[in-house]
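Colleague: Give me a model of this one.
(chains A and B)
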Amino acid sequence: MATVASDDAIVVPDPRETVAARILRILAKAPLNLLLIVIAVFWLVPTLGLFFTSLMSANDFANFGWWKVISHPHLSTWNNYSNLIHHTSIPQSLWVTVQIAIGGTILPIIIASLAGYAFAWLDFPGRDWAFIVVIGMLVVPLQMALIPIFSLYNHLHLFDTVFGLILFHTAFGLPFAIFLLRNFFIGIPKDILESARIDGASEIRIFLRLILPLGLPAIASLAIFQFLWTWNDLLVALTMARNTQPLTVAIFSNLRQFGSNIDLIAPAAFFSLAIPLAVFLAFQRYFAEGLLAGSVK
Amino acid sequence: MSSPSISAEPPYAGAPPDGGEPGRGRAYLVTAMFLAPAVILLAVWILYPLVYTIWRSFYDRSGNNFIWLDNYRTLFSTDTTRTAIKNNAIWVAVVPALVTAIGLVFAVLTERIRWSVAFKIAVFMPMAISLFAAGVIWRIMYQQEPSRGALNAVVGALHDDISPPGPLSDAFPSGTKVTGTPSTGIVLKTPVRPGSVALLPLTGIPPDQVPSGSVQAKQPAPKAGAIAGAVWRDFKPGGGTPGKLEKGEGGLPNVTVVLKDASGKTIGSTKTSADGDFVFDNVKAGEYKTSIGSATFRKPYGGVSWLGSKLINPAIMIAYIWVWAGFAMVVIGAGLAAIPRDVLEAARTDGSTEWQVFRRVTVPLLAPVLSVVFITMLINVLKVFDIVLSVAPSSVQANANVIALAMWRTSFGGVNDFGLGSAIAVFLFLLVIPVLALNIRRFRREV
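Modeller: Next comes the predicted model:
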C-alpha cells in the first residue's frame, strides 16, 4: 500500500497546471493568509502601542489614544525619555537590573555546568537519586523560599543588596540549568571523554577543554533564558530589596497613579523590554532550542 | 567537531586510571568539588526554605505559638484567600487548555504559509518581555474610552456600525409641554389633530453638537389635513423663554419625528428640514402623538469596562495568553516537524479530508508534546503573579487576586503574617506536587 501511495504522491503535483488553476490555488490560500495577518497584527500592535504611548505627554494620554501619534507626528515628543534619563532614578534602576541580569546569568552557568558535568560523567554513589531531587526542585514555587530567605537575608545583611538578589536567582535557576546541561553533556560521545582520560587529562582539564566548548550551544540557550528570567523578575526584587530597585520594581512603585505617571511608566517599561527583546531577536534560534530542550520545567 | 578518533583503542570502562582505594578517594574529592557550589546553593536557598516554610505554616503570626492547622483553616475560610483560590481555579481551567489549543492551531496553520518565520517571530516575541511589562502594555490597550483604549476603539467602531450614535446625544426636552427622556424618546404631552402645530423644543445641546446646516427656526404654519411642527434648539444667548420659538434659536435638521395614532400604532415618520420644520401630510381626523425616537439621542459607544471588577479576570487572561501562545506554538511546531511526512501523505492519499488527517493522525501523534505544553502552562498558571499586579488597577485587585499574589500580600504587603503566608505557599507547593511526581516518573523511565 505504501508504495502505491507514494507513487500517487509523486504524480499528483501537475507540471501542466494552467494559469487559471494556479490563480485559484493562490486565491484558495488568501483567507488563510488574511487570517494569519490579522493574528500577527494582534500580536504586534500592543507592543507598538506601548512605544507610541511612551512618546506622549501624560496630558495627551488622558485625552486620546496612542494611534493618534501616528497620524499627528507633531504630538510625539522625546521629552519623556530625556526626563527619564536626567530627572528620575530610572538610570540607577537600569544599572541595578543590568548587574542582576549579568550576575544572575554568569553565576548559575558556572555552577550548573560544573554540577551538570558531575551528574553526566562522574560516578558517585546516589547520583541518580541526587538528580531526581534536582528534577523535583524544577517545579518548587519560588513562594516557598520568600519568607525564610527574607529572614535569612536580614540576618546575613544580604537584604537590599544586588548580591543577595543574584544569589537568589542563581539558586532558583540551578535546577533547570543543571537539568538542561546534564542532558546535553550526556549526549557528548563517550569516546572523546575516555580517550582524554586515558591520555591522563584531569577532570578539570576535561571540563574546561572538552565539555565547555562542546556544550556551548546548550550554555548559550541557558544564558538567554537566565538573562531574560533575571532581567524580567519582579517578585524576588520586590521582596528581597527596598532601595535597590531594578526597573520592574521602579515601574511598579509608580503604577498606582497609572494615568498621571504614564509619561514615566510607558518609557520605562519600553526601556525595560527593549533590551531583552534585542537579545531575543539576536539569539532567537538558541532561545527556541533551549525551550524545546527544557520544556519540562 | 575535532574528535580525536582513538576509538579503536581497547574498550575502557570503570574508575579513574590509577584505580584502587586512594585513587577512588581522590576521584570523590574531585566530584565533590564539582558539586559543592550547586549543593550549597540548593540546600540553603531551596531545601532549607522548603522545610522551614512547612514548619512555619503551623505557627501563628508571631511565630511563638504552635497552632497546628489553623492557618490552613483561615486560608479556606477568609474571603480574600478564597477569592484567590477561586480565581486561580478559573485560571487553571481556562488558560492552559486555551494556550495549548491556540499553539496547536498556529503551529498547524503556519505550516501552510510562506512567511511562517515572520509570523512565528511576531507571536513568539512577547516571550522576551516580562509578564510585568506585558501587563503595562495591556493596561494601555484596555483603557475604557474608545478614544483612548485601542481595544475599545475597535469594538466601538464595530458597535457604531451596527447602532450609530444619534445626532443629538446630549439633548433633553425643554419647557413643560414635552416629556420623556433621551433613553425612551421625547414626546409631546398633548395629542395633536390634523391642522394644528406640534412644537418639540429641545435643549442641553452644546454649540459644537448643533447639526451642521442649522438655520433660524421658524414658526410652522398650520395646514389643513396635515400636522406641521418644528424641532429646534430652545436656547439663545441670554436663555430665552423655554418652550417658545424665538429669534436667535436654530432649527434642528435631520431629526426623525414619528407620528403615532391613539392606539400607539406608527402612522409615519419624517425628517426635519434645515429650519427644524416637519410636516405629515394627509392625516385622517383623530388624535395623534408626535415624538422623537430614542435613536436620535443614542449616546456614542462608551466602551467595554475591561479593567472593571467584572471583566478584570478575563482581561488579565487575554494578556497572559498573548504572552504564552508563542511558547506553545514553537514547542508544538517542533513536534509537528518531527512527524514523518509520509504518514500524513499516506492518510491524505487514502482519501482522508484535511480535518480527518488533523483529528485522527496529527493530534494523536502530537499527544506527548501537547501534554508537555499543557503541564508547563499548568505550573505557570498556578504561579501567576506579576501580570495581575500590572494589569489590574488597585481598585479591582481584590477581584483579580490569585494564590501567589495572596501569598505575597499576606507576607509582605502590609499584613506581614508569615504564618498564614507560609500556609499559602505550602498550599501552592502541594498543588504542583503531582507535576513534580510526573516529571520524576518520566525521568526514571528514561534512565
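
Colleague: pLDDT weak spots in chain A?
Modeller: Scanning chain A for pLDDT under 70 picks out A:1-17, A:293-297.

Colleague: Now do the contacts for residue 154.
Modeller: The chain I'm using is chain A. Counting by Cβ atoms under 8 Å, 6 or more residues apart in numbering or on different chains, residue A:154 makes contact with nothing. (Glycine included, C-beta is placed from N, CA and C.)

Colleague: separation between it and residue B:74?
Modeller: 25 Å (Cβ to Cβ, to the nearest Å).

Colleague: pLDDT wise, what is the most centrally placed residue in chain B at?
Modeller: The residue lying closest to the centre of chain B (Cα atoms, centre = their mean) is residue B:315, at 2.4 Å. Looking at residue B:315, its pLDDT stands at 96.

Colleague: now the one 10 residues further on
Modeller: Here the pLDDT value assigned to residue B:325 is 96.

Colleague: Please identify the buried residues of the host helix or strand of it?
Modeller: Element membership of residue B:325 [criterion: DSSP states H and E] is helix B:312-338. For helix B:312-338, a neighbour-count test (16 or more other Cβ atoms under 10 Å in any protein chain shown) marks B:312-313, B:315-336 as buried.

Colleague: is any part of the helix or strand just after that helix close to chain A?
Modeller: Next in sequence after helix B:312-338, counting helices and strands by DSSP H and E, comes helix B:341-349. Yes. Using Cβ under 8 Å from any Cβ of the partner chain, a contact is recorded between helix B:341-349 and chain A, made by B:342, B:345, B:346, B:349.

Colleague: and if you look at stretch B:372-385?
Modeller: Yes. Applying Cβ under 8 Å from any Cβ, one finds stretch B:372-385 touching chain A at B:372, B:373, B:376, B:379, B:382, B:383, B:385.

Colleague: what's in contact with that stretch?
Modeller: So stretch B:372-385 is contacted by A:139, A:141-143, A:234-235, A:295-297, B:88, B:91-92, B:95-97, B:99-100, B:103, B:131, B:320, B:324, B:327-328, B:331-332, B:402-405, B:408, B:428, B:431-432, B:435, B:438 (Cβ under 8 Å, 6+ apart).

Colleague: So which of these are in helices?
Modeller: A:143, A:235, B:88, B:91-92, B:95-97, B:99-100, B:103, B:131, B:320, B:324, B:327-328, B:331-332, B:403-405, B:408, B:428, B:431-432, B:435, B:438 (DSSP state H).

Colleague: if we can go back for a sec, would you list the residues of stretch B:372-385 next to chain A in JSON lines and tack on secondary structure?
Modeller: JSON lines is the format used below for the residues of stretch B:372-385 next to chain A (DSSP: H, G, I helix; E, B strand; the rest coil):
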{"residue": "B:372", "secondary structure": "helix"}
{"residue": "B:373", "secondary structure": "helix"}
{"residue": "B:376", "secondary structure": "helix"}
{"residue": "B:379", "secondary structure": "helix"}
{"residue": "B:382", "secondary structure": "helix"}
{"residue": "B:383", "secondary structure": "coil"}
{"residue": "B:385", "secondary structure": "coil"}
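
Colleague: how about the strands of chain A, start to end?
Modeller: In order along the chain, chain A carries no strands (DSSP state E).

Colleague: Can you give me the buried ones in the longest helix along chain A?
Modeller: Ranked by residue count under DSSP H, the longest helix found in chain A is helix A:19-53. Buried residues in helix A:19-53, defined by neighbour count with 16+ other Cβ under 10 Å: A:33, A:36, A:39-40, A:43, A:45-47, A:49-53.

Colleague: Can you lay out the residues you listed as CSV showing distance to residue A:229?
Modeller: Below are these laid out as CSV (distance: Cβ to Cβ, whole Å):
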residue, distance to residue A:229
A:33, 35
A:36, 30
A:39, 27
A:40, 26
A:43, 22
A:45, 26
A:46, 22
A:47, 20
A:49, 25
A:50, 21
A:51, 24
A:52, 28
A:53, 26
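
Colleague: now, among the residues you listed, which is nearest to residue A:276?
Modeller: Nearest to residue A:276, judged by Cβ to Cβ, of those is residue A:47 at 12.0 Å.

Colleague: Show me which residues of the stretch 101-250 of chain B sit near chain A.
Modeller: Near chain A, when you scan the stretch 101-250 of chain B using Cβ under 8 Å from any Cβ, you find B:106, B:109-110, B:112-113, B:118-119, B:121-133, B:136-141, B:143, B:147-150, B:153.

Colleague: Could you give me the ChimeraX syntax to select whichever of these are buried?
Modeller: Burial among those is assessed by 16+ other Cβ under 10 Å; the matching ChimeraX selection reads:
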select /B:106,109,110,113,119,121,122,123,124,125,126,127,128,129,130,131,132,133,136,137,138,139,140,141,143,148,149,150,153
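
Colleague: Sitting in helices, which of the residues of the stretch 101-250 of chain B next to chain A do you find?
Modeller: Going by DSSP H, the helices hold B:106, B:109-110, B:118-119, B:121-124, B:131-133, B:136-141, B:150, B:153 from those.

Colleague: domain assignment for chain A?
Modeller: A:15-82, A:88-293 (automatic domain parsing).

Colleague: hey, which of these is tucked in deepest?
Modeller: Ranked by average neighbour count under the criterion mean count of other Cβ atoms under 10 Å in any protein chain shown, the domains of chain A are headed by domain A:88-293 at a mean of 20.

Colleague: Off-centre distance for it?
Modeller: With Cα atoms, centre = their mean, to the nearest Å as the basis, domain A:88-293 stands 10 Å off its chain's centre.

Colleague: Equivalent analysis for stretch B:403-421, please.
Modeller: 27 Å.

Colleague: end to end, how far does that stretch reach?
Modeller: 10 Å (Cα to Cα, to the nearest Å).

Colleague: Which secondary structure element is home to residue B:268?
Modeller: strand B:266-271.

Colleague: I'd like to know which elements that strand is packed against.
Modeller: strand B:256-261, strand B:277-280 (3 or more Cβ pairs under 8 Å, 6 or more residues apart in numbering or on different chains; DSSP states H and E).

Colleague: which one of those strands is the most hemmed in?
Modeller: strand B:277-280 (a mean of 20).

Colleague: and after it, which helix or strand comes next?
Modeller: strand B:288-292.

Colleague: between that next one and strand B:266-271, how many degrees?
Modeller: With axes from the mean of the first three to the mean of the last three Cα atoms, to 10 degrees applied, the angle from strand B:288-292 to strand B:266-271 works out at 40 degrees.
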